[in-house]
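**Student:** Okay, structure incoming, though there's no sequence with it:
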């Protein structure tokens, strides 16, 4: 009788074999199912199923010679996304460093990823303000300034689908959709969003958008620190700095300020 451990083991084995197929095609250029099965040490039918699954995802494709496969266009899409993210970090880093030095607070860059805000870079401010390293972490969209910026221009029904359930993390978390919509409208108008004590009590953050050459929000930049220090007056002082930093990074990525756009 099969159990959960057996299923997990088979899944891992299938993933490993699928990745090996991609590596073999990258090495040899084109291979047939028979050759792939031999190199994998599996039956031809098993190799055929794996290739079929990869083909559905456009990670491999058939060449003119019947039964021969090569890497597909899906690989280029994944590579392009990776390069774009690496380029974003590279272009944002000097701006983040300057902003962290000016404010003394922690600066983060996030992107929208599977219904969350995903941290891809962080620069700490003053040594005394060194905080938890958020890089590689996923955070909820509705309870954070970064998340609110990332979804602020999404159309319906994509916005509702992306937000998901509005879970309460603290007493300050906005779980009322009408109120959240008002905050998103303010973010569009003001060019920045603020979240105070919404994800963690004692943490406040101000975020602004990072845009690509097509004027689309592709990331956010934020300054965060303890709520007792980031008072209303301090937020008002820092917010324009964050907005300017977002514009600077956007400009490095090919964005041109639109007429009437706040700087």
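**Tutor:** Okay, I see it. Here the structure is a predicted model, which is why all the values come from computation and not from measurement. Numbers count the residues shown, from 1 in each chain.
**Student:** list the contacts for the residue nearest to residue 167 when sequence neighbours are not counted?
**Tutor:** Leaving out its chain neighbours, the residue that sits closest to residue 167 by C-beta to C-beta, 6 or more residues apart in numbering is residue 140, at 6.7 Å. Any C-beta I mention is one placed from the backbone N, CA and C, and that applies to glycine too. Contacts of residue 140 were listed using C-beta atoms under 8 Å, 6 or more residues apart in numbering, and they are 116-117, 147, 167, 169, 199.
**Student:** which residue ranges form the strands in the stretch 151-263 of the chain?
**Tutor:** For the stretch 151-263 of the chain, strands defined by DSSP state E, counting those that start in this stretch occupy the ranges 193-196, 203-211, 217-226.
**Student:** Note down every partner strand of the last one and its orientation.
**Tutor:** Next to strand 217-226 in the sheet, as set by DSSP bridges, lie strand 106-113 (antiparallel), strand 203-211 (antiparallel).
**Student:** Indicate which one of those strands is closest to residue 29.
**Tutor:** Minimum separation from residue 29 across these (C-beta to C-beta) falls at strand 106-113, 32.4 Å.
**Student:** Show me what counts as buried in that closest one.
**Tutor:** The neighbour-count criterion (16 or more other C-beta atoms under 10 Å) identifies 106-112 as the buried residues of strand 106-113.
**Student:** Kindly report the same for stretch 242-258.
**Tutor:** Residues of stretch 242-258 classed as buried: 242-250, 252-253, 255 (neighbour count, 16+ other C-beta under 10 Å).
**Student:** How about stretch 164-176?
**Tutor:** Residues 166, 169, 173-174 are the ones in stretch 164-176 that count as buried (16+ other C-beta under 10 Å).
**Student:** Mean confidence (pLDDT) on the lengthiest helix in the chain, please.
**Tutor:** Using DSSP state H to assign secondary structure, the helix with the most residues in the chain is helix 73-103. Along helix 73-103, the predicted local confidence has a mean pLDDT of 80.
**Student:** low-scoring stretches of the stretch 101-250 of the chain, by residue?
**Tutor:** The stretch 101-250 of the chain contains residues with pLDDT under 70 at 127-131.
**Student:** picking that back up, can you tell me which of the contacts of residue 140 is closest to residue 190?
**Tutor:** After measuring the contacts of residue 140 against residue 190 - C-beta to C-beta - the closest member comes out as residue 147, at 16.1 Å.
**Student:** what helix or strand is that closest one on?
**Tutor:** The secondary structure element spanning residue 147 is helix 145-151 (assigned by DSSP states H and E).
**Student:** From the chain's centroid, how far away is that helix?
**Tutor:** In this view, helix 145-151 has its centroid 11 Å away from the chain centroid, taken as C-alpha atoms, centre = their mean, to the nearest Å.
**Student:** which helices and strands sit right next to that helix?
**Tutor:** Helices and strands touching helix 145-151, by 3 or more C-beta pairs under 8 Å, 6 or more residues apart in numbering; DSSP states H and E, are strand 106-113, strand 116-123, helix 158-163, helix 177-190, strand 193-196, strand 203-211, strand 217-226.
**Student:** now those as a markdown table including distance to residue 62?
**Tutor:** Putting the helices and strands packed on helix 145-151 into a markdown table (distance: least, C-beta to C-beta, whole Å) gives the following:
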| stretch | distance to residue 62 |
| --- | --- |
| strand 106-113 | 32 |
| strand 116-123 | 34 |
| helix 158-163 | 34 |
| helix 177-190 | 45 |
| strand 193-196 | 47 |
| strand 203-211 | 39 |
| strand 217-226 | 34 |
